[in-house]
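1. fold the following for me, if possible:
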Amino acid sequence: MQTAAVRFRRAMLASVGVTLVAAGTAWAADLSAPPPASVLEAPAVPSWTYRFTPYGWLTALNGTQTVRGRSVKVDASFVDIVENTDTLVGLMGDFEARNGPFALLANVAWTKIGVDRGNVRSRARAPGVTGSLGTSLGLDIEMAIAEVGIAYEVARFGALAFDILGGARYWHQEADLSLDVTAAVSIGDLEVAGARAFARSGSVDWVDPMVGARLRYTVAPGHELWLRGDIGGFGVGSDFSWQAIGTYGFELGTYQGITFSGVIGYRVLYVDYVQGESRQRYGFDMLQHGPVLGVSARF
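-> Just a heads-up that it's a prediction; the model follows:
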């Protein structure tokens, strides 16, 4: 018979053997198993973001308007225009869709404004216009300006980004010039009502190509400064045009995934356009400028 000591010794040896076999099996498995493959994450694909900004442009007019060969000098502030426009109607908005460095741009402004005799004065007549008219009574202009273009970010230095842009600017105008009839004048091409003669342009349309640049600077989180300038026309539509815009945007808050920002700034737009000769001559050599106020939505 085996003693208790012998049986205990054999049990201990068997337990140690099982442990060594298990350890050896695990060690062999670790040596034979290949290392886990590293996981490579695909780079994030840039997504589209959109910004829509309805705005008001408190525009003033300085320049010369020619309707059917009759030219008048216009010098009217925004207050002058508001005081003398029966219905000051405006539809204005700016849209941008961006994907990485690439952006699509669109802008529209439609206004119907009036300027009275205090801010309009007669100038020299066009060649071929005989006789004379008295002091001009007023000028009413219905005008639409629509821009489309593309922009591309060509450089970035921290918070400062530089874009180049190109596109086209479409113009539509209808101008009515009313004047006093104070002397003998050939008025066969004018509409006369009482002591007033009206020169009506009808619909005038043209398209200007344009090129420009833009600076975008993040002043602080949620605060951004934009500066833009462009030139256009080049004799294709107008003889020449240029534009300068500076705006400052500041976040107001986010609602249902849409970030709203206030926008303040200043916009200046100049164009020199002429078509026709003599009594068919139409010209718009005008500087439009004034503060810009709006609210943008980004999503």
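
2. hang on, residue 240 packs against residue 233?
-> Yes. With contact defined as C-beta atoms under 8 Å, residue 240 and residue 233 form a contacting pair (4.6 Å). Quick note: C-beta positions are derived from backbone N, CA and C, even for glycine.

3. shared neighbours, these two?
-> For the pair residue 240 and residue 233, residues contacting each of them under the criterion C-beta atoms under 8 Å, 6 or more residues apart in numbering are 271-272.

4. which one's more surrounded, the two?
-> In terms of neighbours (other C-beta atoms under 10 Å), residue 233 is the more surrounded of residue 240 and residue 233; the figures are 21 against 15.

5. next, give phi and psi for that one.
-> The phi/psi pair for residue 233 (degrees, to the nearest 10) reads phi 90, psi -80.

6. repeat for residue 117
-> Residue 117 adopts backbone torsions of phi -60, psi -30, taken as degrees, to the nearest 10.

7. you'd agree it is up against residue 177?
-> No. Counting by C-beta under 8 Å, no contact exists between residue 117 and residue 177, whose distance comes to 11.5 Å.

8. and these two? Which one has more around it.
-> Ranked by neighbour count (other C-beta under 10 Å), residue 117 and residue 177 place residue 177 first, with 26 against 16.

9. bridging residues for the more buried one?
-> Here residue 177 sits in beta bridges with residue 139, residue 199, going by DSSP bridges.

10. okay, it and residue 297: tell me how far apart.
-> Using C-beta to C-beta, to the nearest Å, one obtains 40 Å as the distance from residue 177 to residue 297.

11. how does this protein divide into domains?
-> 1-31, 49-298 (automatic domain parsing).

12. make TSV out of these and add mean pLDDT.
-> Converted to TSV, the domains of the chain look like this (pLDDT from 0 to 100):
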stretch	mean pLDDT
domain 1-31	51
domain 49-298	88
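
13. which of these is buried the deepest?
-> domain 49-298 (a mean of 16; mean count of other C-beta atoms under 10 Å).

14. distance from that one to the middle of the chain?
-> Centre-to-centre, domain 49-298 and its host chain are 13 Å apart (C-alpha atoms, centre = their mean, to the nearest Å).

15. show me what contacts residue 255?
-> Counting by C-beta under 8 Å, 6+ apart, residue 255 has no contacts.

16. numbering from 509 from now on, please.
-> In the new count, where the first residue is 509, that last one comes out as residue 763.

17. so what pairs up with it in the strands?
-> Assigned bridge partners for residue 763, using DSSP bridges, are residue 766.
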